[in-house]
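What follows is a predicted protein model with its sequence.
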Amino acid sequence: MPKSELIQRVTTMQSYLREHTVETWAGDFMNNLEGSAPLPLMRTKKLSYMGSQRLVSLYRSAKKRQLFLDYDGVLRSFMNEPSLAKPTAELNEVFAQLSAIPHTEIVIISGRKQAELEKWFGHLHVSLIAEHGAAIRKRGHDWHTYSKLTDDWKLLPRLVFEKYAEETPGAFVEEKDYALVWHYRSSPPYYAQKNIVIMKKLLNKMLKGTELKLYSGNKILEIKSRYTNKGLAAKKLLKKEADFAMAIGDDYTDEDMFSTLGVDAITIKVGAGRTKAMYRLESTEAVLSLLRDLSF
């Protein structure tokens, strides 16, 4: 290869190796071993046809119902460009039917921005939770913001995200009202993973001692408040008198919701991966089919 490219590659590699020594690796390894053990995961079953029919029967016989539904990866498949994952006509029709059933509350609980959820679902009689709980709109009410963060914190983390987005083909930065997201769904794995390791090192050090935290999701890195999560948000809307509660999610953010709702609720994970949910569905199509059955 050209000498200039060789020098650039070797310089980058040596810079990385100076920080990521064998001592660093061993220290991280031992710290992980000494950390607290994770909570035991529930034994998750695939939701079969017979199981879904029993679930529908319980739903129809209940006096008060609540459905907590994530959006991306649950109601709509992921798209390389998030703005393209708009609700389909079929999904809007199912929501309209579900929300019209007496004593039934639909809660769309998403990492999406408040403006997007309002645009897509504001006309429906449903409750909306934006950015994992930073803002909540109970059905029939106005939005209420729970996050106290101002935009000042975004400056330095955004510079890090933008720098490595430029060096990672297909990556881009999304700025939300209360969070920053680095997307790499369209990126070659080699470039993405290499730069993710560097960003985690930089950002974890940068965010130490603050209420902000870096999270790894489905082809994203996200910085948001550690006090904002779907579990706390679901708890704010959970009605004690509801005798049927169900939550469906697909990502790490939904595990807090599954834990909060506990064994009294029906919890469903979409797709593969470790989970605390009781049941598993394979795809967004399977979720839509289940919701169609629930809509009477």
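Nice, I can see it. Numbers count the residues shown, from 1 in each chain.

Just give me the residue right at the centre of the protein.
Geometric centre of the chain, nearest residue: residue 253, 4.3 Å, by CA atoms, centre = their mean.

I'd say that residue and residue 230 touch.
Yes: contact criterion CB atoms under 8 Å: residue 253 and residue 230 qualify, at 5.4 Å. Where you see a C-beta, it was placed from the backbone N, CA and C, and this is true even at glycine.

and the closest residue to residue 99 other than its chain neighbours, how many neighbours does it have?
With CB to CB, 6 or more residues apart in numbering as the criterion, residue 99 has its nearest non-adjacent residue at 4.6 Å, and that residue is residue 125. Neighbours of residue 125 under the rule other CB atoms under 10 Å: 15.

Counting neighbours, what do you get for residue 254?
30.

contacting residues around the helix or strand harbouring it?
If you go by DSSP states H and E, residue 254 is part of helix 252-261. By CB atoms under 8 Å, 6 or more residues apart in numbering, the residues outside helix 252-261 that reach it are 39, 68, 70, 109, 111, 132, 215-217, 229-235, 238, 245, 247, 249, 267, 269, 275-277.

what's the longest helix in this structure?
Counting residues, the longest helix found in the chain (DSSP state H) is helix 189-207.

That one: how far from the chain's middle?
19 Å (CA atoms, centre = their mean, to the nearest Å).

just checking, what packs against that helix?
Here helix 189-207 touches helix 155-166, strand 212-216, strand 220-225, going by 3 or more CB pairs under 8 Å, 6 or more residues apart in numbering; DSSP states H and E.

Generate JSON lines for these, with mean neighbour count and mean pLDDT as supplementary columns.
Listed next are the helices and strands packed on helix 189-207 as JSON lines, based on neighbours: other CB atoms under 10 Å; pLDDT from 0 to 100:
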{"stretch": "helix 155-166", "mean neighbour count": "16", "mean pLDDT": "96"}
{"stretch": "strand 212-216", "mean neighbour count": "17", "mean pLDDT": "95"}
{"stretch": "strand 220-225", "mean neighbour count": "22", "mean pLDDT": "96"}
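
which neighbours do residue 253 and residue 230 share?
With CB under 8 Å, 6+ apart, residue 253 and residue 230 have common neighbours 70, 132.

Do you have the helices of the stretch 51-200 of the chain handy? List them.
Secondary structure of the stretch 51-200 of the chain (DSSP state H, counting those that start in this stretch): helices at 89-99, 114-121, 155-166, 189-207.

Out of those, which is closest to residue 143?
Taking CB to CB, helix 114-121 is the member of the helices of the stretch 51-200 of the chain nearest to residue 143, at 6.2 Å.

If you count neighbours, what's buried in that closest one?
By neighbour count on 16 or more other CB atoms under 10 Å, the buried set for helix 114-121 is 114, 116, 117, 118, 120, 121.

With distance to residue 98 and pLDDT added, can I get those residues in a markdown table?
Converted to a markdown table, those look like this (distance: CB to CB, whole Å; pLDDT from 0 to 100):
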| residue | distance to residue 98 | pLDDT |
| --- | --- | --- |
| 114 | 22 | 95 |
| 116 | 20 | 95 |
| 117 | 16 | 96 |
| 118 | 19 | 96 |
| 120 | 15 | 95 |
| 121 | 12 | 94 |
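
mind exporting the longest helix of the chain as CSV, just the C-alpha atoms?
The C-alpha trace of helix 189-207 is given here as CSV (Å, rounded to 0.1, in the frame of the first residue of the first chain):
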residue,chain,number,x,y,z
PRO,A,189,-19.0,-4.6,11.2
TYR,A,190,-15.2,-4.1,11.2
TYR,A,191,-15.3,-0.3,11.2
ALA,A,192,-18.3,-0.1,13.5
GLN,A,193,-16.9,-2.4,16.2
LYS,A,194,-13.4,-1.0,16.1
ASN,A,195,-14.7,2.6,16.7
ILE,A,196,-17.3,1.5,19.2
VAL,A,197,-14.5,0.2,21.5
ILE,A,198,-12.8,3.6,21.3
MET,A,199,-16.0,5.6,21.9
LYS,A,200,-16.9,3.5,24.9
LYS,A,201,-13.5,4.1,26.4
LEU,A,202,-13.7,7.9,25.8
LEU,A,203,-17.4,8.4,26.7
ASN,A,204,-17.5,6.3,29.9
LYS,A,205,-14.6,8.3,31.2
MET,A,206,-16.3,11.6,30.1
LEU,A,207,-19.7,10.7,31.7
